[in-house]
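Q: Need the 3D shape of this:
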Amino acid sequence: PTHDKKIQQRRVARLPFEEIQRLAGTEATPTLVNALASDPGKGYYLLDLKEVGDEQLPPLIKAIHATGIEPTRLALQSERMATLAELKRHFPDSRYFVLWRLRRKPPLFFTPKPEPLLERLSQHAIDGVNMKGRRFIDQTFIETVKAEGLEVYVWTINDLARAETYADLGVDGIITDRADEMLQTFGRAATHTSACAVDTSLGR
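A: Next comes the predicted model:
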């Protein structure tokens with residue numbers, strides 16, 4: 001399934017579905033409704049909302065309803081707090097995560113502190129943070145976020161040694177494209193449409 005914001009240098013959010021299929025080189029690219037039609041009835045789905053604004057929300061909400069899936073088996077994540085807040089009005093029993101890219105800014109490149117994000121999140125009902133896996137994240141950083149009752153995930157980690165490092169630092173899970181290899185170390189997982197969310201507390 002399509003995951004990135006662009007395909008062949010064209011923004012996915014601005015393309016009709018038929019054009020996405022053509023550019024992907026396959027007619028098997030599923031819609032959200034079609035993808036969940038084959039739901040095995042276990043685990044959960046993480047919907048990574050790359051570019052969902054006010055215009056895309058109504059068809060997304062309609063599509064989720066059309067799948068018939070239990071909202072408790074959905075986790076939704078976005079960089080836009082307004083998007084998550086609106087979805088929570090419609091699906092209050094789902095789980096919600098904010099995407100955080102965690103950049104060091106020039107000219108001094110100080111490691112970002114969690115307090116600004118935590119202050120922002122304190123005004124919203126958010127379950128956790130999904131951060132880009134940066135090598136400068138330390139245990140104090142993660143513990144500070146988790147002390148506020150938030151879960152912490154990192155993405156996208158495909159190197160086993162790095163995954164073990166993040167597990168030792170205390171993250172709740174990782175997003176990976178190499179599920180089979182990670183599961184040999186961490187146990188089970190809950191799969192979704194583009195990768196695998198591995199619970200790092202298992203098999204440790």
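Q: helices and strands of the protein: which one bottoms out on pLDDT?
A: strand 189-191 (a mean of 42; mean pLDDT, DSSP states H and E).
Q: list the buried ones in stretch 121-135?
A: Applying a neighbour-count criterion of 16 or more other CB atoms under 10 Å, the buried positions in stretch 121-135 are 121, 126-131, 133. Using the backbone N, CA and C atoms, a C-beta is placed for each residue, glycine as well.
Q: Check stretch 101-111 too.
A: Neighbour-count burial for stretch 101-111, with 16+ other CB under 10 Å as criterion, is recorded at Leu102.
Q: End to end on it, go ahead and measure it.
A: The first and last residues of stretch 101-111 sit 12 Å apart, counting by CA to CA, to the nearest Å.
Q: Mean confidence (pLDDT) on that stretch, please.
A: Across stretch 101-111, the average pLDDT comes to 73.
Q: Same question for stretch 160-176.
A: Within the predicted structure, the mean pLDDT of stretch 160-176 is 90.
Q: And that stretch, end to end?
A: By CA to CA, the extent of stretch 160-176 from end to end equals 10 Å.
Q: just how off-centre is that stretch within its chain?
A: Chain-centre distance of stretch 160-176: 15 Å, with CA atoms, centre = their mean, to the nearest Å.
Q: what does stretch 42-56 give?
A: Worked out by CA atoms, centre = their mean, stretch 42-56 lies 8 Å from the chain centre.
Q: which stretches of this protein form helices?
A: Per DSSP state H, the chain carries helices over the ranges 17-24, 32-37, 57-67, 81-90, 115-121, 139-146, 160-169, 179-186.
Q: can you redo the ones you listed as JSON lines with distance to Val154?
A: Listed next are the helices of the chain as JSON lines, based on distance: least, CB to CB, whole Å:
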{"stretch": "helix 17-24", "distance to Val154": "27"}
{"stretch": "helix 32-37", "distance to Val154": "24"}
{"stretch": "helix 57-67", "distance to Val154": "25"}
{"stretch": "helix 81-90", "distance to Val154": "19"}
{"stretch": "helix 115-121", "distance to Val154": "14"}
{"stretch": "helix 139-146", "distance to Val154": "9"}
{"stretch": "helix 160-169", "distance to Val154": "5"}
{"stretch": "helix 179-186", "distance to Val154": "12"}
